[in-house]
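Participant: My questions concern the predicted model and sequence given below.
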There are 2 protein chains.
Amino acid sequence: MSAITIKLLAERLQLSTATISKALGDSHEISASTKERVLALAKELNYVPNAYAGSLRGNKSKTIAVLIPEVSDSFFSQALNGIEEVALEKGYHTLIYLTHEKIERERAILHALAGGRVDGAIMSVTVETEAIDHIREFNRQLPVVFFDRVCEEIDTAKITTNDFECGYKATVHLIEAGCRKIVLLSISNSLSIISERSKGFAKAIAEHGLNAEDCKIINCSEDAVHNYQLIKELMQGNDRPDGILATVEKLTTEIYLVCQQLNINIPLQVKVICFSNQSSAIILNPTLTTITQPAFEMGKAAATVLLRMLKNNTLILKEECTVIPSTLIIRNSTTGYISS
Amino acid sequence: MSAITIKLLAERLQLSTATISKALGDSHEISASTKERVLALAKELNYVPNAYAGSLRGNKSKTIAVLIPEVSDSFFSQALNGIEEVALEKGYHTLIYLTHEKIERERAILHALAGGRVDGAIMSVTVETEAIDHIREFNRQLPVVFFDRVCEEIDTAKITTNDFECGYKATVHLIEAGCRKIVLLSISNSLSIISERSKGFAKAIAEHGLNAEDCKIINCSEDAVHNYQLIKELMQGNDRPDGILATVEKLTTEIYLVCQQLNINIPLQVKVICFSNQSSAIILNPTLTTITQPAFEMGKAAATVLLRMLKNNTLILKEECTVIPSTLIIRNSTTGYISS
DNA sequence: AATATTTACGTAAACGATTTCGTAATTAAC
DNA sequence: GTTAATTACGAAATCGTTTACGTAAATATT
C-alpha cells in the first residue's frame, strides 16, 4: 500500500536506513553529495515519512484533539477554524470529536485518546459535565486547554471571554432600554459560561432595583421544538417579559418565530439580545442585538497555548488563563426604532 | 508519559507480552483464568493500547481525513457532523483540514497524508481545483470519497445532490413567479456543483424563452466586501435583475443588505433564492426561499461508503455514486406576499 | 612517522503492539 | 503404556523510524 519507505530508498542507493534517515533530517554527519542523492531520490519517488513510525518512537504524534459539543454552531465552527489554522501552521494535525452534549461521549473519547493518539486536547465541556474524573484522568497524562466552557476545578490553561461582564452589560442595556421584566434563557445550571452570564444578569437586576420575581431564569433544552413551546408559553403568559436575554445562539430562531406568530413586536413589545456569532444577525428583521464572542481568536489562543505547552513539555501552565472580551453590538432588536 | 503498556502488564503478571496481547484480544489460546487476571489488571491500570503501535504493524490507522473549504458554513459543518457520527460509530477517528479554497493547501495536506496517517479521505475540492494531479496521486495509494464538490475525472465514489435539477427548478420557480431578468451568482467557473447548477439555470432560461442577454452569470469571490460592491452595482445598474439565484449561502447576507440599503423590496422588486442550509432562513424578512441540501445525510453517506471501501480493502467503488436530492423550500422571498 | 581527530557511514536497539511458530505440559486415544 | 492431540503459553520477528554507538578511512597534529 503505503509504498515507499526509508528501507526502500536505502536499497536503491546502497546505503543504510540510518544514513537515509540522517540525510533526510539534514544531519551534519552526512556528506553533501550523499544528501543530494538521497533528497533527489526521495523527491522522485515522492517519499513521505510514515507518521506512525515516528510517533511510536518519539512519543509525539503531532496531533491534537478538539472536543466540542457541536460544530453546527457559529461559535464552535469559528473556534475550530482558529484552532485548525494554528495547528496547520505549526505542522500539527487536528482530530475533531463532537460530544453532542453527552458526557458519556466525552468520557469515551477522552479514554480512547489516552492511547497516545494525540499529544494534547482542546475542549469545551458538555452541558452534562459535572463529574470531571474523566478529564482529570486524561489530564494526568496529557495537557488540556479549555476554551469557553471550562472546568474551573481543573488546574490548566483556560481561554474564556468576559461572560460575567457581558451578562451584566447586556442586562443593563435592556434595563436602560426600558425593560422591567427580563428573562434569561439558559441551557444549563452547571456550565461555567452560563453561570457567569447569570451572575452578571443577577447583578444588573439587583443594582437597578428590578423586581427579582419578574426576572426569571428559564432552562431550555437541546430540543428545538420543546424550546419553541417553552418560549411560546412564556410569551403567552400573564407576566410576559419585556426583555429576553438568550445565552445561546440557537434560541434566536425560536424567539423570532414565536414573536412573529404571536404578533409580538420586537423591539416595541419585547427587546431581545442573544449571545450569537451568526452572521445573519444583521439581516434579521429587526436586526439582532448580540453579544458576539471572539470565537476565532479564542480558538487560535487555545491552540497557541496548547502547542506552547507541548513545546515546553509541560502539563500545566496555570498562568495561561486568557480572557478575550466579547462585544455587545447594539442593533434594532433592543432599540425603539424599527429598521426601515 | 503515556504510561502503561502491554510490557508493563506482562511484568506485573509474570507473563509474556504475547500472552497479554492475546488475552486482551480474547484469543482462544489463552485460559479463562489468565484472561480474567489480565483484563482485571488492564482495567485497574486503565490500560489503553497505543494507537500508533498497532497502526504501524497493521498498516491501518483507523483514521480518516476530511478536507473541506470552510467549516463556518452551514452546509459543510452539517456534513462534517454526519461524517463524524458515522466515523465515531465505527470506531474511526476524524482528522479535519480546512483548505480555505486554496489549492495549495489541498495539495500540501494530501501530500502529508500520504505517509499512512489516514486510511482514506473524504473531500470537497476548492474553487481553485482544476489541476488534479495531487488528488490522483493520493488516490493511487488510498481511497477517496468526494462529496458535493467532486472531481468527475477521478474514478471513485461520489456523493452529490441533484444540482442540475435544482438549478433548473429554482430558475423555473423564479420564472413562474414572474421574473424575466434572472442573475445567477456564482463563485467559480470550474466547480462541479456550480457548473451543474448553471446548466440547469441555462436550460430553464432557454426553455422558457427568456432573453439570455438579460440572464447573466456573475462571479463572486471570497471577499464579502467585494461581493457586496458587486451586488450593489448590479442592483444599481440599468438592467437590474428581477430575480437572483445565489449558488452559495454566504451571499445571502450581501443580497439582503444591498436590497435593504437601496430600498429594493424583496420579493416585489426582486425575488431571491439561495442555495442555503442556514437555519435563519425562516426568520429573515422576508423569509428566504432556499434550495436546502441534505448536508448531514451527504456526510453520513460519504463516510459510510469510505468505511465500506476500507472494510473491503478496495480503492475503487465506481458504482458508489449516490445522489441525494435537495429540497426547494418556497418562502416569502419569491412569493408576492410579504410576511406579516 | 606515529598518533589524534574528524568525516561519513553502518549496526543494532528501541518505540508498543501483533502474530507466527515453537514447545512444554497436560489430556486423550488406542 | 505408548503415541497423538490438545492446551496454554513464550520467543522472536515485524511494522518504519530514529538514534546511540561503533568503525574504517581520510585528514590533521606533533
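Facilitator: Here it is on my side, so go on. Numbers count the residues shown, from 1 in each chain, chains lettered A, B, ... in the order given.
Participant: and the closest residue to residue A:259 other than its chain neighbours, how many residues sit next to it?
Facilitator: Nearest residue to residue A:259, sequence neighbours excluded (Cβ to Cβ, 6 or more residues apart in numbering or on different chains): residue A:266, at 5.4 Å. Glycine gets a C-beta too; all of them are placed from N, C-alpha and C. A total of 22 residues lie near residue A:266 under the criterion other Cβ atoms under 10 Å in any protein chain shown.
Participant: per-residue confidence for residue A:266?
Facilitator: Note for residue A:266: predicted pLDDT of 96.
Participant: Next up, the contacts around it.
Facilitator: A:256, A:259, A:272, A:286, A:333 (Cβ atoms under 8 Å, 6 or more residues apart in numbering or on different chains).
Participant: same thing but at 7 Å, please
Facilitator: Contacts for residue A:266 (Cβ atoms under 7 Å, 6 or more residues apart in numbering or on different chains) come out as A:259, A:272, A:286, A:333.
Participant: Spell out the secondary structure type for it.
Facilitator: Assigned by DSSP: H, G, I helix; E, B strand; the rest coil, the conformation of residue A:266 is coil.
Participant: so what's the single nearest residue of the stretch 201-340 of chain A relative to chain B closest to, chain neighbours aside?
Facilitator: When scored by Cβ to the nearest Cβ, the stretch 201-340 of chain A has residue A:285 as its residue closest to chain B, at 3.1 Å. Leaving aside its chain neighbours, residue A:285 sits nearest to residue B:285 (3.1 Å; criterion: Cβ to Cβ, 6+ apart).
Participant: Please verify my assumption that the residue of the stretch 201-340 of chain A closest to chain B contacts residue B:287.
Facilitator: No - using Cβ atoms under 7 Å, residue A:285 is not in contact with residue B:287, being 10.0 Å away.
Participant: how about the residues of chain A near DNA strand D?
Facilitator: Residues of chain A lying close to DNA strand D by Cβ under 7 Å from any atom of the strand are A:2, A:5-7, A:17-18, A:20-22, A:24-25, A:47, A:49-50, A:53-54, A:56-58.
Participant: Would you tell me which helix is longest in chain A?
Facilitator: In chain A, taking DSSP state H as the definition, the longest helix is helix A:295-312.
Participant: So which elements touch it?
Facilitator: Secondary-structure packing of helix A:295-312 (3 or more Cβ pairs under 7 Å, 6 or more residues apart in numbering or on different chains; DSSP states H and E): helix A:74-89, strand A:120-123, strand A:144-147, strand A:157-160.
Participant: and for the helix or strand following it, what are the contacting residues?
Facilitator: Next helix or strand after helix A:295-312 toward the C-terminus (DSSP states H and E): strand A:321-323. Identification of contacts with strand A:321-323 by Cβ under 7 Å, 6+ apart yields A:157, A:158, A:159, A:160, A:161, A:162, A:301.
Participant: how about a cut-off of 6 Å?
Facilitator: Strand A:321-323 has contacts (Cβ atoms under 6 Å, 6 or more residues apart in numbering or on different chains) with A:158, A:159, A:160, A:162, A:301.
Participant: related to what we said a few turns ago, of the residues of chain A next to DNA strand D, select the buried ones using a PyMOL command.
Facilitator: For the buried members of the residues of chain A next to DNA strand D, the matching PyMOL selection, counting by 16 or more other Cβ atoms under 10 Å in any protein chain shown, is:
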select buried, chain A and resi 5+6+20+21+22+24+47+49+50+53+54+56
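Participant: So which of the residues of chain A next to DNA strand D belong to helices?
Facilitator: Residues of the residues of chain A next to DNA strand D located in helices (DSSP H): A:6-7, A:17-18, A:20-22, A:24, A:53-54, A:56-58.
Participant: Any idea how many residues pack against the residue lying closest to residue A:114 once chain neighbours are set aside?
Facilitator: In space, not counting the residues next to it along the chain, residue A:114 is nearest to residue B:48; the distance is 4.4 Å by Cβ to Cβ, 6+ apart. Look at residue B:48: counted by other Cβ under 10 Å, it has 19 neighbours.
Participant: and residue B:48, what pLDDT?
Facilitator: Taking residue B:48 on its own, its pLDDT is 94.
Participant: Could you tell me whether residue A:228 really is in a helix?
Facilitator: Yes - under three-state DSSP, residue A:228 falls within a helix.
Participant: Dead centre of chain A: give me the residue that sits there.
Facilitator: In chain A, the centroid-proximal residue (Cα atoms, centre = their mean) is residue A:76; its distance is 4.5 Å.
Participant: Just checking, which helix or strand of chain A averages the lowest pLDDT?
Facilitator: Here the helix or strand of chain A ranked lowest by mean pLDDT, DSSP states H and E is helix A:51-58, holding a mean of 91.
Participant: just checking, what packs against that one?
Facilitator: Applying 3 or more Cβ pairs under 6 Å, 6 or more residues apart in numbering or on different chains; DSSP states H and E, we find helix A:51-58 packed against helix B:51-58.
Participant: Please see if the helix it packs on touches DNA strand C.
Facilitator: Yes - residues of helix B:51-58 contacting DNA strand C under Cβ under 7 Å from any atom of the strand: B:53, B:54, B:56, B:57, B:58.
Participant: how near is the residue nearest to residue A:7 when sequence neighbours are not counted to residue A:38?
Facilitator: Of all residues not flanking residue A:7 in the chain, residue A:17 sits nearest, at 5.5 Å (Cβ to Cβ, 6+ apart). The gap separating residue A:17 from residue A:38 is 11 Å, by Cβ to Cβ, to the nearest Å.
Participant: what does residue A:331 give?
Facilitator: 61 Å.
Participant: Show me which residues of the stretch 51-200 of chain A sit near chain B.
Facilitator: A:51-53, A:55-56, A:59, A:71-72, A:77-78, A:80-81, A:84, A:93-96, A:98, A:114-117, A:141 (Cβ under 6 Å from any Cβ of the partner chain).
Participant: Can you flag the buried ones in these?
Facilitator: Counted by 16+ other Cβ under 10 Å, these give A:51-53, A:55-56, A:71-72, A:77-78, A:80-81, A:84, A:93-96, A:98, A:114-117, A:141 as buried.
Participant: any idea which of the residues of helix B:51-58 next to DNA strand C is the one closest to DNA strand C?
Facilitator: residue B:53 (3.2 Å; Cβ to the nearest atom of the strand).
Participant: The closest one: what's its closest spatial neighbour, skipping adjacent residues?
Facilitator: That would be residue A:56: by Cβ to Cβ, 6+ apart, it lies 5.6 Å from residue B:53.
Participant: was I right about that neighbour contacting residue B:54?
Facilitator: No - using Cβ atoms under 6 Å, residue A:56 is not in contact with residue B:54, being 9.7 Å away.
Participant: hey, where'd the helices end up in the stretch 101-250 of chain A?
Facilitator: A:103-113, A:133-141, A:163-176, A:192-207, A:224-236 (DSSP state H, counting those that start in this stretch).
Participant: Nice, that's everything, thank you.
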